[in-house]
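Q: show me how the following folds:
(one chain, ligands or ions: 2)
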Amino acid sequence: MKDYRIAPSILSADFARLGEEVARVSAAGADFIHFDVMDNHYVPNLTIGPMVCAAIKPYAVHDGKPVTLDVHLMVSPVDQIIPEFAKAGANIITVHPEATLHLDRTLALIRDHGCRAGVALNPGTSPAVIDYVMDRLDLILLMSVNPGFGGQSFIAETLVKIAEVRKRIDEHHAKTGKSILLEVDGGVKTENVAEIGRAGACSFVSGSAIFGARDEDGGYRGVMQRMRDALASV
Ligand code: DX5
Ligand code: ZN
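A: Residues are numbered from 1 along each chain as shown. Ligands and ions are numbered 1, 2, ... in the order given. Sure, this is the predicted structure:
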């Protein structure tokens, strides 16, 4: 089985008990904690910022080891907030190309602050925007819903884009030896995770499907295990 990562999006967690939720989903085996930052400007919703990131950081642990904080910034302008998230304990910081005037500079800024750098492509954004920044990337996030809200349905056209970006990543790896993670975000569930993995994704963001899991179905651990079982068939 390939090295797949499950990244629960805490957007669908109980915000009144966020530390506890992060601790529970980390203990249940989350590979990344996906942290959605929305500014009511780049996207029509408003969520959480660096102070909350710093507050949950100590809860993102599994067997005494820190769980990667995967920060998805749906924020414009974005540069001034990047150092704040680095200070708050972010490990990966992902930005949208439409949210910065100078993508190359923004990606360099993320790495200068000691974090791994990602680019997020909306359903309507062409993968051509990453052509000349591949060397600056550690992660490519493909949005399979329009950003702004949890609980939306997976847009099927994303599967074609996943395969296309997978090809670019593999070509880049063959040329440079460098690895880039391919993450998919939006509408990911137990029922479609294998198909998304088969198309070429290796990291799966899932909010409502994980945090909506019922205790009688094994809770967070149960749903993540069912996702891993489905991925084992890929
Ligand atoms: C949407 C966010 C997603 C969202 C995914 O803008 O980036 O991370 O929380 O939620 P689900 O899995 O419910 O589609
Ligand atoms: Zn996200």
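Q: what bridges to the residue of the chain found nearest ligand 2?
A: Per Cβ to the ion, His72 is where the chain lies closest to ligand 2, at 3.7 Å. C-betas here are computed from N, CA, C, even on glycine. Judged by DSSP bridges, the bridge partners of His72 are Asp36, Thr94.
Q: from what I see, it and Asp36 are in contact.
A: Yes - shown here, His72 and Asp36 form a contact pair, counting by Cβ atoms under 8 Å, at 5.2 Å.
Q: check the residue of the chain closest to ligand 2 and give its pLDDT.
A: Here the pLDDT value assigned to His72 is 99.
Q: for Gly218, same thing?
A: With respect to pLDDT, Gly218 has a value of 97.
Q: quick check: the nearest residue to it once chain neighbours are set aside vs Ala213, distance?
A: Counting by Cβ to Cβ, 6 or more residues apart in numbering, the nearest residue to Gly218 once its immediate chain neighbours are dropped is Gln225, at 6.9 Å. Plainly put, Gln225 is 10 Å away from Ala213 if you go by Cβ to Cβ, to the nearest Å.
Q: try Ala27
A: For Ala27, the distance to Ala213 - Cβ to Cβ - is 14 Å.
Q: settle it for me: which of those two has more neighbours?
A: Taking other Cβ atoms under 10 Å, Ala27 and Ala213 do not tie; Ala213 has more neighbours (21 against 15).
Q: ok, the more buried one touching Gly219?
A: Yes - shown here, Ala213 and Gly219 form a contact pair, counting by Cβ under 8 Å, at 5.4 Å.
Q: re earlier: and for the residue of the chain closest to ligand 2, the neighbour number?
A: There are 26 residues near His72, going by other Cβ under 10 Å.
Q: residues touching it, list them.
A: Residues in contact with His72 (Cβ atoms under 8 Å, 6 or more residues apart in numbering) are His34, Phe35, Asp36, Val37, Thr94, Gly118, Ala120, Leu141, Asp185, Val205.
Q: and these as a markdown table, adding pLDDT?
A: Below are these laid out as a markdown table (pLDDT from 0 to 100):
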| residue | pLDDT |
| --- | --- |
| His34 | 99 |
| Phe35 | 99 |
| Asp36 | 99 |
| Val37 | 99 |
| Thr94 | 99 |
| Gly118 | 99 |
| Ala120 | 99 |
| Leu141 | 99 |
| Asp185 | 99 |
| Val205 | 99 |
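Q: before I go, just wanted to say thanks for your time.
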